[in-house]
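A.B. asks: Provided below for reference: sequence and predicted model.
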Amino acid sequence: MKLLLLGGTEFVGRSVAEEAVARGWEVTVFHRGHHPPPAGVTARHGDRTTGEGLSSLAEGAWDVVVDTWSGDPAAVRDVAGLLRDRAGRYVYISSRSVYRFPPPAGQDESGPLVDPPSATGDLDYATCKRGGEIAATEAFGDRALLARAGLILGPGENVGRLPWWLTRMARGGVVAAPGPRDLPLQYIDTRDLARWVLDAAAGGLGGAYDTVSPPGHTTMGELLETCARVTGSAAELRWLEPERILAAGVEPWTELPIWLPPGEMHGGLHGGNVAKALAAGLRCRPVAETVADTWAWLGGLGGTAPQRPDLPPVGLSPEKEAGLLARS
């Protein structure tokens, strides 16, 4: 198989590239050159946001294109239009954020979607991803595969959610653990997403698939206790009720990464119906493997994870955590 990966040097894109190389696929990575590409790929350089940015893709044909773009959907439109007659399938790594917020627990791919981008509207993340889906589908029709991922964790994470928890556990002491302990979580390991995307593309799948683990694949308790164990930490988890956390002005998701209190938002993010993707072969590794491999990857970087420049760092400051614990 011949794969063209648009991106491919960070997190999900890199996971796709490494998985494809491991399969013996012929992999071409198109990127701006800001980060070194994975071993075993051919690199083509360009900036898809500029007028001549796609010139290095003027020639070539591929069985599969994988696109991880999250910005202005015009970039997807331009490259998909350029490649429609020279590529077999177009995989767009989308997001469950394309559903109208908040999606109810149990919703599947038939749920209502956000409005398409307009000429005068704001291009927020959800609108950009929906616009990317539309652009890919307009160019490739039923040859477009839309992988609507949810929370993505694993080695290479450049958002900082799981790396923050691992670093916090390694620091030790009393840790503010957001409860309830048995709160179910739904996410996908970047490597499982990569594996499914390549399998699905090679198998000729098209259309939209919600690509995250089944609800309850792990819990907040299992996740944090595993973080403590793999770091060898003597950290003491102090489980706090959601009401106390919110009363202290602590922000779910951003200051306490991954966590959302029980309710509408939690059900929308951690309670999606992914039966379609599971039936199409999606398999998710145990949380212990994701956590341990992420910690090992962090160790190889000296303990400091990369950070996407377009996103603010996540996590609770030591001062705010101490204040939260003092209130409990």
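C.D. replies: Structure received. Residues are numbered from 1 along each chain as shown.
A.B. asks: beta partners for residue 219?
C.D. replies: residue 184 (DSSP bridges).
A.B. asks: from what I can see it touches residue 187, true?
C.D. replies: No - using CB atoms under 8 Å, residue 219 makes no contact with residue 187, being 11.7 Å away. For glycine as for every other residue, the C-beta is placed from the backbone atoms N, C-alpha and C.
A.B. asks: more neighbours: those two, which one.
C.D. replies: Comparing residue 219 with residue 187 by other CB atoms under 10 Å, the one with more neighbours is residue 187, at 25 against 16.
A.B. asks: residues contacting the closest residue to the more buried one other than its chain neighbours?
C.D. replies: Closest residue to residue 187 apart from its sequence neighbours, by CB to CB, 6 or more residues apart in numbering: residue 151 at 3.9 Å. By CB atoms under 8 Å, 6 or more residues apart in numbering, residue 151 lies in contact with 161, 185-188, 212, 258, 269-270.
A.B. asks: what average pLDDT does the strand ranked longest in the chain get?
C.D. replies: Of all the segments of type strand in the chain, defined by DSSP state E, the longest one is strand 87-95. The pLDDT scores in strand 87-95 average 98.
A.B. asks: centre of the chain to that strand, how far?
C.D. replies: When distances are taken as CA atoms, centre = their mean, to the nearest Å, strand 87-95 is centred 15 Å away from the chain's centroid.
A.B. asks: with stretch 78-92 instead?
C.D. replies: 22 Å.
A.B. asks: may I see the buried residues of it?
C.D. replies: 78-80, 83-84, 87-92 (16 or more other CB atoms under 10 Å).
A.B. asks: tell me where the stretch 51-200 of the chain has strands.
C.D. replies: Using DSSP state E, counting those that start in this stretch, the strands of the stretch 51-200 of the chain run over residues 62-67, 87-95, 144-149, 152-153, 174-178, 184-185, 188-189.
A.B. asks: single out the most deeply packed of the ones you listed.
C.D. replies: Counting by mean count of other CB atoms under 10 Å, strand 188-189 has the highest mean neighbour count of the strands of the stretch 51-200 of the chain, with a mean of 26.
A.B. asks: which outside residues touch that strand?
C.D. replies: Strand 188-189 is contacted by residues 149-154, 211-213, 284-285, 289-290 when judged by CB under 8 Å, 6+ apart.
A.B. asks: can you tell me which of those are in helices?
C.D. replies: 289-290 (DSSP state H).
A.B. asks: export the contacts of strand 188-189 to TSV and append columns for pLDDT and distance to residue 178.
C.D. replies: Supplementary listing: the contacts of strand 188-189 in TSV, determined by pLDDT from 0 to 100; distance: CB to CB, whole Å:
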residue	pLDDT	distance to residue 178
149	98	23
150	95	19
151	97	15
152	98	20
153	98	16
154	98	21
211	98	26
212	98	20
213	98	20
284	98	23
285	98	24
289	98	23
290	98	19
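A.B. asks: for the contacts of strand 188-189, which one is nearest residue 39?
C.D. replies: Each of those was scored against residue 39 by CB to CB, and residue 154 proved nearest at 18.9 Å.
A.B. asks: and the closest one, what does it touch?
C.D. replies: By CB under 8 Å, 6+ apart, the contact set of residue 154 is 15, 162, 189-191, 290, 293-294.
A.B. asks: and if we set it to 7 Å?
C.D. replies: Contacts of residue 154 were listed using CB atoms under 7 Å, 6 or more residues apart in numbering, and they are 189-191, 290, 293-294.
A.B. asks: against residue 230, how distant is the most centrally placed residue in the chain?
C.D. replies: Centroid-nearest residue in the chain: residue 152, 3.4 Å away (criterion: CA atoms, centre = their mean). Separation of residue 152 from residue 230 (CB to CB, to the nearest Å) stands at 19 Å.
A.B. asks: sorry, back to before: ok, the contacts of residue 154 vs residue 23, which is closest?
C.D. replies: Among these, residue 191 lies closest to residue 23 (CB to CB), at 12.8 Å.
A.B. asks: just confirm the closest one contacts residue 15, I think it does.
C.D. replies: Yes - applying CB atoms under 7 Å, one finds residue 191 in contact with residue 15, separated by 5.2 Å.
A.B. asks: of the two, which one has the most company?
C.D. replies: residue 15 (25 against 20).
A.B. asks: which of the helices or strands spans the more buried one?
C.D. replies: Using DSSP states H and E, residue 15 sits in helix 11-22.
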